[in-house]
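Asks: Give me a model of this one.
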Amino acid sequence: MKPIDMTKIYRKYKGKWVAIKSPTDTTVIASGKTLHEALTKAQKRGVKMPMMVDVPKEVLPIVGLEDSSR
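Replies: Next up is the predicted model:
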């Protein structure tokens, strides 16, 4: 599976829940402050099982330890 560029979605929907069509089609169907709000809007638009994404308010780096046993 190829990586998905969520940059445009992040810029427009920071801090919101977003309903998109599928992992391969990132067309935004609906958004809302809560999961329930975004899902309800998507279902009213005829999409029964959209992919739900919680868009963070800010992107933070992930810091971890390197596995030194390799």
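Asks: Can you classify Glu40 as helix, strand or coil?
Replies: To be clear, residue 40 is Thr; Glu isn't right here. The local conformation at Thr40, judged by DSSP: H, G, I helix; E, B strand; the rest coil, is helix.
Asks: tell me the contacts of the residue nearest to the spatial centre of the chain?
Replies: Residue closest to the average C-alpha location in the chain (Cα atoms, centre = their mean): Val53, at 2.7 Å. Shown in contact with Val53 (Cβ atoms under 8 Å, 6 or more residues apart in numbering): Met6, Ile9, Trp17, Val18, Ala19, Ile20. Every C-beta, even on glycine, is put in place using the N, C-alpha and C of the backbone.
Asks: what's the answer for Lys33, then?
Replies: Lys33 neighbours (Cβ under 8 Å, 6+ apart): Lys16, Trp17.
Asks: just the one 10 residues further on next, same as before
Replies: Gln43 sits next to no residue when contact means Cβ under 8 Å, 6+ apart.
Asks: do you know how far Lys21 is from Ser31?
Replies: Distance from Lys21 to Ser31, counting by Cβ to Cβ, to the nearest Å: 13 Å.
Asks: next one: Arg45
Replies: Counting by Cβ to Cβ - Arg45 and Ser31 are separated by 12 Å.
Asks: When the two are compared, which one has more neighbours?
Replies: Legend: neighbour count by other Cβ atoms under 10 Å for Arg45 and Ser31, higher for Ser31 (19 against 11).
Asks: Run the chain-centre distance for the helix or strand where Ile9 lies.
Replies: Counting by DSSP states H and E, the element that carries Ile9 is helix 7-13. Chain-centre distance of helix 7-13: 9 Å, with Cα atoms, centre = their mean, to the nearest Å.
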